[in-house]
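>>> my questions concern the predicted model and sequence given below.
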Amino acid sequence: MRIIAGWARSRRLVAPPGASTRPTSDRVREALFNIMGPPPPQTRVLDLFAGSGGLGLEAMSRGAMSAVFVEKAAPALKCLRQNIEALDLAGDTIVLGDDVDRALKRLADREHRFHWVFVDPPYKGGHAEATLQRLGTGGVITESASVMVEHDRRTTLPESVGVLTRSDQRSWGDTTVTFYGRVGA
């Protein structure tokens, strides 16, 4: 794994060994960011089920202002923190070693709002739709937020959830990314 573009281009990222964490491939990350374009000024990123942080760190390299990473698995957390340190981003990031539902509640209670939200849960277990339900309340997203959900190609996500509506969907092999935006934004 490496950073694809931006000021940290070609920098390698460490990932935990084994199959418990499934990092987003370079190919999918590159395509995702080509679709999204550069982050607008002052973009705050939320990377849920962050693993080693590839999506949020890629956004930071491309110009995002700050990022919050949520990951509960200890091996992935260790790699995530190493990657943040290696890129000298500790001052612009927050790492929450917690369950995504609890973290979203805490962030909403503290009135944190994000422009870009990456959701990359384990493919099995229904985490993608459950997390969308929580994000659909609008509690942690800005009026112009974009939510990107990575999931298995065989999983069908809803057209709309709360304040979110699907705007696009792309597939690469077994990986699909579904894009959501706020209704009326």
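Perfect, thanks for sending it.
>>> quick one: contacts for the nearest residue to L157 once chain neighbours are set aside?
Among residues not flanking L157 along the chain, T178 sits closest, at 5.0 Å (Cβ to Cβ, 6 or more residues apart in numbering). Using the backbone N, CA and C atoms, a C-beta is placed for each residue, glycine as well. For T178, the contact set (Cβ atoms under 8 Å, 6 or more residues apart in numbering) comprises 148-149, 151, 157, 166, 168-169.
>>> do P23 as well
Applying Cβ under 8 Å, 6+ apart, the residues near P23 are 1, 13, 15, 51-52, 54.
>>> of all these, which comes closest to E111?
Taking Cβ to Cβ as the measure, E111 lies nearest G51 of the contacts of P23, at 26.5 Å.
>>> who's in contact with V70?
V70 touches 46-50, 96, 98, 100, 103-104, counting by Cβ under 8 Å, 6+ apart.
>>> circling back: now the residue nearest to L157: phi and psi?
phi -110, psi 130 (degrees, to the nearest 10).
>>> start the count at 182 instead of 1 going forward.
That works, and once the first residue is 182, the last one we named lands at T359.
>>> pretty sure M241 sits in a helix.
Yes - under DSSP: H, G, I helix; E, B strand; the rest coil, M241 falls within a helix.
>>> what segments of this protein are helices?
207-217, 235-242, 255-267, 281-290, 308-316 (DSSP state H).
>>> could you dump these to JSON lines with distance to G354 and mean pLDDT?
Listed next are these as JSON lines, based on distance: least, Cβ to Cβ, whole Å; pLDDT from 0 to 100:
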{"stretch": "helix 207-217", "distance to G354": "8", "mean pLDDT": "90"}
{"stretch": "helix 235-242", "distance to G354": "17", "mean pLDDT": "96"}
{"stretch": "helix 255-267", "distance to G354": "22", "mean pLDDT": "96"}
{"stretch": "helix 281-290", "distance to G354": "25", "mean pLDDT": "96"}
{"stretch": "helix 308-316", "distance to G354": "17", "mean pLDDT": "94"}
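>>> tell me which of the ones you listed sits nearest to H296.
With Cβ to Cβ as the yardstick, what comes closest out of the helices of the chain is helix 235-242 (9.6 Å).
>>> extract the CA atoms of the closest one and return them as PDB.
What follows is helix 235-242, C-alpha atoms only, in PDB (Å, rounded to 0.1, in the frame of the first residue of the first chain):
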ATOM      1  CA  GLY A 235      -5.200   4.500   3.600                       C
ATOM      2  CA  LEU A 236      -8.400   6.500   2.600                       C
ATOM      3  CA  GLY A 237      -8.100   9.300   5.100                       C
ATOM      4  CA  LEU A 238      -4.300   9.600   4.700                       C
ATOM      5  CA  GLU A 239      -4.800   9.800   0.900                       C
ATOM      6  CA  ALA A 240      -7.300  12.600   1.400                       C
ATOM      7  CA  MET A 241      -4.900  14.400   3.600                       C
ATOM      8  CA  SER A 242      -2.000  14.100   1.100                       C
END
